[in-house]
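Engineer: sequence first, then the predicted structure, then my questions.
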Amino acid sequence: MIDHFHYIVTDEYEDMRIDKLISELIDSFSRSYIQKIIKDSQVTVNGKIVKASACVHEGDEIDMDVPPSMVPEIEAQDIPLDIIYEDNDVLVVNKPKDMVVHPAAGHYRDTLVNAVMYHCKDNLSGINGVMRPGIVHRIDKDTTGSIIICKNDNSHQKIADQLKEHSIKRIYHAICYGIIEEDEITVDAPIGRSTSDRKKMAINHQNGKHAVTHVKVLKRFEKDKFTYVQCQLETGRTHQIRVHLSSIGHPLLGDDVYASGRNSKFKLQGQCLHAKTLGFIHPVTEEYIETDAPLPEYFSHLLEILQ
């Protein structure tokens, strides 16, 4: 039975109180119970005992000794995977729409983690803790496309280093509102938590982190006023493409968070965004690997309608 919780903080939780963070990650813990564990000196950040009011930062390592009965069991499920690449160290999966990447509050089943646990058995990295085995990065629930799964801690660390250095090639395809006149645009604007809504990210020049997105127009649909674009990430902040495109007046089609007030005739489930290309240095062979996830059917169908 699990009696320890380990987690490496990602940028989306920057400056969040540690008691609130843990309660968001594991909803079977009440916040008052977490505060009790912290008061009993059972929680450390980077090896140091902290108070419940302590705020965390990206890259901080949280360790917490947990009563076994309090940790939810994550179950392996036989869910089909669209595998783009696989070897003994890494797995690249084409994630479908409406699939959460890892278990979290309210989502302990039917996630990508449940599926890869069944597929990989015990061959998954453990660096990001029991809730996120193998997970080194993620994409939104309604974003489709490529995601890397790490099968051991060595691979996890080396892929994480590449992500931190922004050396992994990540190209997304998207359809956004309006006609983008320029063929290419670079959006260079810091992203951080919205000061008005903690669930949203926003351009934040005070507390935001450096974020750069290179946007290239693939096709303009003049009649319906949409633009099909390719977005290459130079950095990888939470909701980066969604926030950056919205900030220049071209939010994503179907985005019900950052395209407020925009309506279209299409009935979509979330934003029209697909993680198409991933390029990385293999953690063991050191060869360059590049994978391509074909556009999902809904996306291809939309492009045909807009022609």
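Structural biologist: Nice, I can see it.
Engineer: tell me the domain boundaries of the protein?
Structural biologist: For the chain, automatic domain parsing gives the domain ranges 4-70, 73-165, 170-274+301-306.
Engineer: right, so of those, which gets closest to residue 283?
Structural biologist: The minimum distance between residue 283 and those falls on domain 73-165, with 3.7 Å, by C-beta to C-beta. Using the backbone N, CA and C atoms, a C-beta is placed for each residue, glycine as well.
Engineer: quick one: terminal-to-terminal distance for that closest one?
Structural biologist: 34 Å (C-alpha to C-alpha, to the nearest Å).
Engineer: which residue of the chain sits farthest from its center?
Structural biologist: residue 223 (33.4 Å; C-alpha atoms, centre = their mean).
Engineer: is residue 237 located within a helix, as I assumed?
Structural biologist: No: in this structure, residue 237 is coil, not part of a helix, as judged by DSSP: H, G, I helix; E, B strand; the rest coil.
Engineer: my guess is it contacts residue 189. True?
Structural biologist: No: here residue 237 does not reach residue 189: they are 10.2 Å apart, not a contact under C-beta atoms under 8 Å.
Engineer: please say which of those two ends up with more neighbours.
Structural biologist: residue 237 (24 against 18; other C-beta atoms under 10 Å).
Engineer: so which residues of this structure form helices?
Structural biologist: With helices called from DSSP state H, the chain shows them at 18-25, 31-39, 112-120, 153-164, 240-247, 297-306.
Engineer: hang on, the earlier thing: save the domains of the chain as JSON lines, and put in distance to residue 280 too.
Structural biologist: Output for these, formatted as JSON lines (distance: least, C-beta to C-beta, whole Å):
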{"stretch": "domain 4-70", "distance to residue 280": "18"}
{"stretch": "domain 73-165", "distance to residue 280": "6"}
{"stretch": "domain 170-274+301-306", "distance to residue 280": "9"}
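Engineer: out of the ones you listed, the one nearest residue 282 is which?
Structural biologist: For the domains of the chain, proximity to residue 282 was assessed by C-beta to C-beta; domain 73-165 is nearest, at 7.2 Å.
Engineer: what touches both of residue 237 and residue 189?
Structural biologist: residue 211 (C-beta atoms under 8 Å, 6 or more residues apart in numbering).
Engineer: hang on, the earlier thing: lowest average pLDDT across the domains of the chain?
Structural biologist: With a mean of 86, domain 4-70 has the lowest mean pLDDT of the domains of the chain.
Engineer: which non-adjacent residue is nearest residue 21?
Structural biologist: Once flanking residues are discounted, residue 21 sits nearest to residue 13: 5.2 Å by C-beta to C-beta, 6 or more residues apart in numbering.
Engineer: isn't that neighbour up against residue 56?
Structural biologist: Yes: with contact defined as C-beta under 8 Å, residue 13 counts as touching residue 56 (6.2 Å).
Engineer: any shared contact partners between those two?
Structural biologist: Here residue 13 and residue 56 have residue 21 as joint contacts, going by C-beta under 8 Å, 6+ apart.
Engineer: what are the bridge partners for residue 281, then?
Structural biologist: Beta-bridge partners recorded for residue 281 (DSSP bridges): residue 288.
Engineer: burial count for the residue nearest to residue 21?
Structural biologist: Counted with other C-beta under 10 Å, residue 13 comes out at 22.
Engineer: report the contact partners of it.
Structural biologist: By C-beta under 8 Å, 6+ apart, the contact set of residue 13 is 21, 24, 56, 58.
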